[in-house]
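*Asks:* quick one: sequence plus predicted model below, questions after.
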Amino acid sequence: MNNFSAMKTNSKDHFSRAVFLDRDGPIILDTGHVRDHERVRLSEGAAEGIKLLKEHGFKVIVISNQAGVAKGIITTEQARAVHEKVISLLLSKGVEIDDVYYCFHHPDDACLCRKPKTQHVHDAAAKHGIDLARSFFVGDKEIDVQTGRNTHPDMKTFLTTASATLKHAAEWIIHQDRI
(Lines give C-alpha, C1' and ligand atoms only; values in the text may rest on other atoms or scores of the structure.)
Protein backbone atom coordinates (compact mmCIF):
# COMPACT_ATOMS: atom_id res chain seq x y z
CA MET A 1 0.00 0.00 0.00
CA ASN A 2 1.34 3.43 -0.95
CA ASN A 3 1.37 6.25 1.57
CA PHE A 4 1.36 9.37 -0.58
CA SER A 5 0.86 11.72 2.37
CA ALA A 6 4.30 10.76 3.69
CA MET A 7 6.05 11.54 0.38
CA LYS A 8 8.27 14.60 0.30
CA THR A 9 8.73 16.80 -2.72
CA ASN A 10 11.32 19.37 -3.60
CA SER A 11 8.72 21.94 -4.60
CA LYS A 12 9.51 25.40 -3.26
CA ASP A 13 5.77 25.88 -2.69
CA HIS A 14 5.99 23.71 0.42
CA PHE A 15 8.31 26.14 2.16
CA SER A 16 7.48 29.57 3.49
CA ARG A 17 9.11 32.81 2.50
CA ALA A 18 10.20 34.99 5.38
CA VAL A 19 11.50 38.41 6.17
CA PHE A 20 13.88 38.48 9.10
CA LEU A 21 13.91 41.86 10.83
CA ASP A 22 16.18 43.55 13.28
CA ARG A 23 14.10 45.15 16.05
CA ASP A 24 15.84 48.41 17.02
CA GLY A 25 15.72 50.75 14.06
CA PRO A 26 13.40 49.06 11.58
CA ILE A 27 10.60 48.29 14.09
CA ILE A 28 11.20 50.64 17.02
CA LEU A 29 13.15 53.85 17.32
CA ASP A 30 16.72 52.95 18.21
CA THR A 31 17.59 54.90 21.35
CA GLY A 32 20.44 52.67 22.49
CA HIS A 33 19.79 50.05 25.13
CA VAL A 34 16.05 50.52 25.69
CA ARG A 35 15.31 50.13 29.41
CA ASP A 36 11.99 51.92 29.85
CA HIS A 37 9.14 50.21 28.03
CA GLU A 38 7.09 53.40 28.28
CA ARG A 39 9.54 55.14 25.94
CA VAL A 40 9.23 52.51 23.19
CA ARG A 41 7.91 53.99 19.94
CA LEU A 42 7.34 52.33 16.60
CA SER A 43 9.57 53.53 13.80
CA GLU A 44 7.91 55.33 10.92
CA GLY A 45 6.49 52.81 8.44
CA ALA A 46 7.10 49.79 10.69
CA ALA A 47 3.53 48.59 11.19
CA GLU A 48 2.60 49.37 7.58
CA GLY A 49 5.63 47.49 6.29
CA ILE A 50 4.97 44.40 8.38
CA LYS A 51 1.32 44.44 7.36
CA LEU A 52 2.27 44.55 3.67
CA LEU A 53 4.66 41.63 4.11
CA LYS A 54 2.04 39.55 5.90
CA GLU A 55 -0.57 40.37 3.24
CA HIS A 56 1.85 39.01 0.62
CA GLY A 57 2.37 35.73 2.42
CA PHE A 58 5.66 36.34 4.18
CA LYS A 59 6.42 35.12 7.67
CA VAL A 60 7.90 37.96 9.72
CA ILE A 61 10.52 37.00 12.28
CA VAL A 62 12.57 39.29 14.49
CA ILE A 63 16.27 38.49 15.03
CA SER A 64 17.85 40.95 17.47
CA ASN A 65 21.05 41.31 19.48
CA GLN A 66 20.29 42.67 22.96
CA ALA A 67 23.66 42.62 24.71
CA GLY A 68 22.52 45.21 27.25
CA VAL A 69 21.39 42.33 29.45
CA ALA A 70 24.85 40.70 29.50
CA LYS A 71 26.47 44.10 30.01
CA GLY A 72 24.27 44.79 33.03
CA ILE A 73 22.72 47.88 31.42
CA ILE A 74 19.23 46.38 31.31
CA THR A 75 17.63 43.64 33.39
CA THR A 76 15.84 40.64 31.93
CA GLU A 77 12.61 42.04 33.41
CA GLN A 78 13.16 45.33 31.57
CA ALA A 79 13.97 43.43 28.35
CA ARG A 80 10.75 41.43 28.74
CA ALA A 81 8.71 44.60 29.35
CA VAL A 82 10.22 46.26 26.24
CA HIS A 83 9.44 43.14 24.17
CA GLU A 84 5.84 43.06 25.42
CA LYS A 85 5.46 46.77 24.62
CA VAL A 86 6.73 46.23 21.05
CA ILE A 87 4.25 43.38 20.54
CA SER A 88 1.44 45.45 22.09
CA LEU A 89 2.16 48.47 19.87
CA LEU A 90 2.15 46.28 16.75
CA LEU A 91 -1.05 44.51 17.80
CA SER A 92 -2.71 47.90 18.33
CA LYS A 93 -1.99 48.54 14.63
CA GLY A 94 -3.42 45.13 13.65
CA VAL A 95 0.00 43.58 13.02
CA GLU A 96 1.47 40.33 14.37
CA ILE A 97 5.01 39.00 14.28
CA ASP A 98 5.39 35.26 13.66
CA ASP A 99 8.33 34.76 16.01
CA VAL A 100 11.10 36.57 17.87
CA TYR A 101 14.67 35.51 18.64
CA TYR A 102 16.85 37.58 20.95
CA CYS A 103 20.55 37.09 21.68
CA PHE A 104 21.28 38.39 25.19
CA HIS A 105 24.96 37.38 25.06
CA HIS A 106 27.86 39.79 25.44
CA PRO A 107 29.67 40.60 22.16
CA ASP A 108 32.78 38.90 23.55
CA ASP A 109 30.91 35.64 24.23
CA ALA A 110 31.51 32.81 21.80
CA CYS A 111 27.81 32.21 21.17
CA LEU A 112 26.42 31.16 17.79
CA CYS A 113 23.24 33.22 18.00
CA ARG A 114 24.69 36.75 18.02
CA LYS A 115 24.45 38.44 14.64
CA PRO A 116 26.22 38.23 12.23
CA LYS A 117 26.20 34.54 13.18
CA THR A 118 23.13 32.73 11.96
CA GLN A 119 21.94 30.20 14.55
CA HIS A 120 18.70 32.06 15.28
CA VAL A 121 17.89 32.41 11.59
CA HIS A 122 18.50 28.71 10.97
CA ASP A 123 16.49 27.76 14.08
CA ALA A 124 13.58 29.86 12.82
CA ALA A 125 13.86 28.37 9.33
CA ALA A 126 13.69 24.84 10.74
CA LYS A 127 10.80 25.66 13.07
CA HIS A 128 8.71 27.48 10.45
CA GLY A 129 9.68 25.58 7.28
CA ILE A 130 11.32 28.59 5.66
CA ASP A 131 13.11 28.58 2.32
CA LEU A 132 16.11 30.79 3.07
CA ALA A 133 16.92 31.25 -0.62
CA ARG A 134 13.56 32.99 -1.06
CA SER A 135 13.80 35.04 2.13
CA PHE A 136 15.10 38.48 3.09
CA PHE A 137 16.93 40.15 5.97
CA VAL A 138 16.14 43.76 6.87
CA GLY A 139 18.02 45.90 9.37
CA ASP A 140 19.56 49.28 9.97
CA LYS A 141 23.17 48.22 10.48
CA GLU A 142 25.79 46.51 8.35
CA ILE A 143 25.73 43.57 10.80
CA ASP A 144 22.15 42.85 9.64
CA VAL A 145 23.21 42.80 6.00
CA GLN A 146 26.12 40.53 6.91
CA THR A 147 23.77 38.18 8.78
CA GLY A 148 21.68 37.80 5.64
CA ARG A 149 24.77 37.13 3.54
CA ASN A 150 26.09 34.63 6.10
CA THR A 151 22.75 32.82 6.21
CA HIS A 152 22.37 31.95 2.53
CA PRO A 153 24.08 33.20 -0.65
CA ASP A 154 20.69 33.90 -2.27
CA MET A 155 19.16 35.79 0.67
CA LYS A 156 18.55 39.41 -0.28
CA THR A 157 19.05 42.20 2.23
CA PHE A 158 17.76 45.73 2.77
CA LEU A 159 19.37 48.40 4.92
CA THR A 160 16.83 50.78 6.47
CA THR A 161 17.58 54.44 7.13
CA ALA A 162 15.59 57.47 8.22
CA SER A 163 14.44 57.91 4.61
CA ALA A 164 14.21 54.19 3.72
CA THR A 165 11.79 52.78 6.26
CA LEU A 166 10.48 49.28 6.82
CA LYS A 167 7.53 50.20 4.62
CA HIS A 168 9.96 51.02 1.80
CA ALA A 169 11.75 47.72 2.46
CA ALA A 170 8.44 45.83 2.26
CA GLU A 171 7.54 47.47 -1.05
CA TRP A 172 11.00 46.60 -2.44
CA ILE A 173 10.71 43.01 -1.18
CA ILE A 174 7.30 42.54 -2.76
CA HIS A 175 8.69 43.87 -6.05
CA GLN A 176 11.74 41.54 -5.80
CA ASP A 177 9.48 38.61 -5.07
CA ARG A 178 7.58 39.22 -8.31
CA ILE A 179 10.72 39.24 -10.45
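*Replies:* That came in fine, so what should we check first? What you see is a predicted model, and the numbers here were worked out from it, not measured in a lab.
*Asks:* which parts of the protein are helices?
*Replies:* 46-55, 76-92, 119-128, 142-151, 166-178 (DSSP state H).
*Asks:* now do the third one, average pLDDT.
*Replies:* What that stands for is helix 119-128. Looking at helix 119-128 alone, the average pLDDT works out to 98.
*Asks:* buried set for that helix?
*Replies:* His120, Val121, His122, Asp123, Ala124, Ala125 (16 or more other Cβ atoms under 10 Å). In this view, the C-beta of every residue, glycine as well, is placed from N, C-alpha and C.
*Asks:* so what's the residue count around the closest residue to the third one other than its chain neighbours?
*Replies:* When you say that, I think you mean His122. Computed as Cβ to Cβ, 6 or more residues apart in numbering, the closest residue to His122 that is not its neighbour in sequence is Thr151, at 7.3 Å. The tally of other residues near Thr151 (other Cβ atoms under 10 Å) stands at 24.
*Asks:* repeat that for Thr31.
*Replies:* As a burial measure, Thr31 scores 12 neighbours (other Cβ under 10 Å).
*Asks:* gap between it and Glu96?
*Replies:* Thr31 sits 24 Å away from Glu96, going by Cβ to Cβ, to the nearest Å.
*Asks:* do Leu159 as well
*Replies:* Shown here: Leu159 relative to Glu96, a distance of 25 Å by Cβ to Cβ.
*Asks:* look at the two and report which has more neighbours.
*Replies:* The residue with the greater number of neighbours, taking Leu159 and Glu96 and applying other Cβ under 10 Å, is Leu159; the counts read 17 against 12.
*Asks:* my read: that one touches Val145, true?
*Replies:* Yes - the criterion here is Cβ atoms under 8 Å, and Leu159 meets it with Val145 at 5.8 Å.
*Asks:* list the neighbouring strands of the lengthiest strand in the chain plus their orientation.
*Replies:* Longest strand in the chain by number of residues (criterion: DSSP state E): strand 58-65. Its sheet considered, strand 58-65 pairs with strand 17-21 (parallel), strand 99-103 (parallel) by DSSP bridges.
*Asks:* ok, and what's touching it?
*Replies:* Residues lying outside strand 58-65 but in contact with it, judged by Cβ atoms under 8 Å, 6 or more residues apart in numbering, are 16-24, 27, 50, 53-54, 97-103, 114-115, 120-121, 124, 128, 130, 137, 143, 147, 173.
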